[in-house]
Every structure is written in structure tokens, then in C-alpha cells.
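J.: build the 3D model from these lines:
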Amino acid sequence: MYIIELLLKIKDDIKNGKFKKQPQKTEEIEKCDHLFVPIDSTGRVLACSKCGMIYKLKKNEVNPFK
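T.: The predicted structure follows:
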């Protein structure tokens, strides 16, 4: 019974927009001292650990983590 109530509560929260992602302000991203770490197993996709900015390495770009 508890599981059904929990699922209904989550459904209501989603419908009311509680889980919508808030866009980051560009000013915050510009002021950040980026510290990029790999977030996938290939090491081709990097994300800033401070602001969450995503950076994909280009085809011939050197990966500093290899």
C-alpha cells in the first residue's frame, strides 16, 4: 500500500513541475573556475565539478586524462 501512495505522490510532484531542471545563469558559468572531470567510461565527455557545464572533446583533441 505504501508503494502505491509513494508512486502517486511522485506522479503529482512531476505534474506540478517540482522536478523541472532550472536553467543556470550564464553569469555563474562565466565566473566559475572550471575543474573538468570525465563522466563517461571513454573519457570523451567532461563535466565541471563546480557548475555542471558539459564539454565534449572533439575528434582529434587530446584527452588530458589518458
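J.: how would you label residue 55: helix, strand or coil?
T.: The local conformation at residue 55, judged by DSSP: H, G, I helix; E, B strand; the rest coil, is strand.
J.: what's opposite it in the beta bridge?
T.: Applying DSSP bridges to residue 55 gives these bridge partners: residue 46.
J.: report the helix or strand with the lowest average pLDDT across the chain.
T.: For the chain, using mean pLDDT, DSSP states H and E, the weakest element among its helices and strands is helix 26-31, scoring a mean of 66.
J.: the very next helix or strand once past that one pairs with which strands, and in what direction?
T.: Downstream of helix 26-31, the first helix or strand assigned by DSSP states H and E is strand 36-38. Applying DSSP bridges, strand 36-38 is found paired with strand 45-48 (antiparallel).
J.: list the buried residues of the partner strand.
T.: Neighbour counts using 16 or more other CB atoms under 10 Å place 46, 47, 48 of strand 45-48 among the buried residues. The way it works is simple: take the backbone N, C-alpha and C, and place the C-beta from them, glycine included.
J.: for residue 15, state which of the residues you listed is nearest.
T.: The closest of those to residue 15 turns out to be residue 47 (CB to CB; 29.5 Å).
J.: what about the residue nearest to that closest one when sequence neighbours are not counted, how many neighbours?
T.: In this structure, residue 47 finds its nearest non-sequential neighbour in residue 39, 4.7 Å apart by CB to CB, 6 or more residues apart in numbering. Counted by other CB atoms under 10 Å, the residues lying close to residue 39 total 13.
J.: the most centrally placed residue in the chain and residue 34, how far apart?
T.: Residue closest to the average C-alpha location in the chain (CA atoms, centre = their mean): residue 52, at 5.5 Å. Computed as CB to CB, to the nearest Å, the residue 52 to residue 34 distance reads 10 Å.
J.: please apply the same query to residue 55.
T.: 8 Å.
J.: any common contacting residues for the two?
T.: Listed as contacting both residue 55 and residue 34 by CB atoms under 8 Å, 6 or more residues apart in numbering are residue 48.
J.: quick revisit: could the buried residues of strand 45-48 go into TSV alongside distance to residue 10 and pLDDT?
T.: Output for those, formatted as TSV (distance: CB to CB, whole Å; pLDDT from 0 to 100):
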residue	distance to residue 10	pLDDT
46	32	89
47	26	88
48	29	86
